[in-house]
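Undergrad: Provide a 3D model corresponding to the input given below.
(one chain, ligands or ions: 1)
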Amino acid sequence: MGVDFPAFRNKAREVLNGVSGLGKEEDWRALLCGDCPFYHHGEEENEECGSYRLLRALIEAGALDLREALRILEGGHPEDVE
Ligand code: SF4
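TA: Down below sits the predicted model:
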């Protein structure tokens, strides 16, 4: 697919494996902001760009499935997510 998004993949894997959740703001930042070049942990934590808001809304509504997103980002062969 030509994309990487290691922070998203790591957090999504943690959520899917039950290691962590998406209950706190910091969880969403780890999932959606971790790969953003504008993100500086601990700074501007109250600001939300349109992409952040859109992706969070889609995930919370169940319209974007983390398992499917991870499968696609990892080339369709996630080893530890099923
Ligand atoms: S809110 Fe948007 S611009 Fe800001 S760090 Fe997250 S993804 Fe990047």
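Undergrad: quick one, what contacts residue 41?
TA: Residues in contact with residue 41 (CB atoms under 8 Å, 6 or more residues apart in numbering) are residue 29. Placement of C-beta: from N, CA and C, glycine included.
Undergrad: what about it, which SS state?
TA: With DSSP: H, G, I helix; E, B strand; the rest coil as the basis, residue 41 sits in coil.
Undergrad: what separation is there between it and residue 75?
TA: The spacing between residue 41 and residue 75, counted by CB to CB, to the nearest Å, is 28 Å.
Undergrad: what do you get for residue 59?
TA: Using CB to CB, one obtains 21 Å as the distance from residue 59 to residue 75.
Undergrad: how about residue 69?
TA: With CB to CB as the criterion, residue 69 and residue 75 are 13 Å apart.
Undergrad: compare neighbour counts for residue 59 and residue 75 and give me the winner.
TA: residue 59 (19 against 8; other CB atoms under 10 Å).
Undergrad: tell me which element the more buried one falls in.
TA: helix 50-60 (DSSP states H and E).
Undergrad: okay, the angle between the helix or strand just after that helix and helix 50-60?
TA: The C-terminal neighbour of helix 50-60 among helices and strands, as given by DSSP H and E, is helix 66-73. Put simply, helix 66-73 runs at 120 degrees to helix 50-60, going by axes from the mean of the first three to the mean of the last three CA atoms, to 10 degrees.
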